[in-house]
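Chemist: One predicted model, sequence on top.
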Amino acid sequence: MGLLTRAVSALLVVGSVLASGCTDDGDTDGTASASTAPTSTVDPVRDEFRRSVETICSDVTDALVDRAPSDGATPAAAAAALTSMVDANRDGVDRMRALDLPADVEEEFASWLDLVDETAKQLEVGSLALRAGDEATFTQAMGEAQEVGAQASAAALELGLPDCAFSG
């Protein structure tokens, strides 16, 4: 049961990296308010980008909740749920890669998405290991997913997307 418990915790990594209705208020400490930038000075491209990211994050969050394993799931069912959640994450990454990005964030945004994708890759390795009952490989993959997920979180914060950062 310890392996399954760790699997369920790992599922949260992939969702937290790309979930929760991302915002781009340019503030990384949570203290900004709408009054810090009058709406007349908002860059329409950046605003459209932010709304698109929010929509994708919301869609991914909904998919992750729908696909999460139920309590008491077998390792095979948890592995299948993990794979399905990885697929939802990758769909979100693909959708984000297709966005028209503001020129000043293209490189950083692509780097962040690469980290999110690497997190998903490690979770996929973990899913296969869970299915095979390989606790050592599962544990290693989950550790790597958490490490890369932390890097992705830092990158999301640097982009001004605090709600797309894993915080737990």
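Modeler: It's in. Quick caveat: nothing in here was measured; it's all calculated off a predicted structure.
Chemist: so where's this protein uncertain?
Modeler: 1-42, 163, 165-168 (pLDDT under 70).
Chemist: Going along the chain, name the helices of it.
Modeler: 2-18, 44-67, 75-97, 106-132, 135-158 (DSSP state H).
Chemist: Can you spell out which helices and strands pack onto the last one?
Modeler: To tie it back to what came earlier, the one meant is helix 135-158. If you count contacts as 3 or more Cβ pairs under 8 Å, 6 or more residues apart in numbering; DSSP states H and E, helix 135-158 packs onto helix 2-18, helix 106-132. Using the backbone N, CA and C atoms, a C-beta is placed for each residue, glycine as well.
Chemist: Show me what counts as buried in it.
Modeler: 138-139, 141-142, 144-146, 148-153, 155-157 (16 or more other Cβ atoms under 10 Å).
Chemist: Next, the angle helix 75-97 makes with that helix.
Modeler: 30 degrees (axes from the mean of the first three to the mean of the last three Cα atoms, to 10 degrees).
Chemist: and helix 135-158, C-alpha only, in CSV?
Modeler: Extracted C-alpha coordinates of helix 135-158, given in CSV (Å, rounded to 0.1, in the frame of the first residue of the first chain):
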residue,chain,number,x,y,z
GLU,A,135,9.3,-0.2,-6.4
ALA,A,136,12.9,0.9,-6.9
THR,A,137,12.3,2.3,-10.4
PHE,A,138,9.0,3.8,-9.3
THR,A,139,10.6,5.6,-6.3
GLN,A,140,13.4,6.9,-8.5
ALA,A,141,11.1,8.2,-11.2
MET,A,142,8.8,9.9,-8.6
GLY,A,143,11.9,11.6,-7.0
GLU,A,144,13.0,12.8,-10.4
ALA,A,145,9.5,14.0,-11.2
GLN,A,146,9.4,16.0,-8.0
GLU,A,147,12.8,17.5,-8.6
VAL,A,148,11.9,18.6,-12.2
GLY,A,149,8.5,19.6,-11.0
ALA,A,150,10.2,22.0,-8.5
GLN,A,151,12.2,23.4,-11.3
ALA,A,152,9.1,23.9,-13.4
SER,A,153,7.4,25.6,-10.5
ALA,A,154,10.3,28.1,-10.2
ALA,A,155,10.1,28.7,-13.9
ALA,A,156,6.3,29.3,-13.7
LEU,A,157,6.9,31.9,-10.9
GLU,A,158,9.6,33.6,-13.0
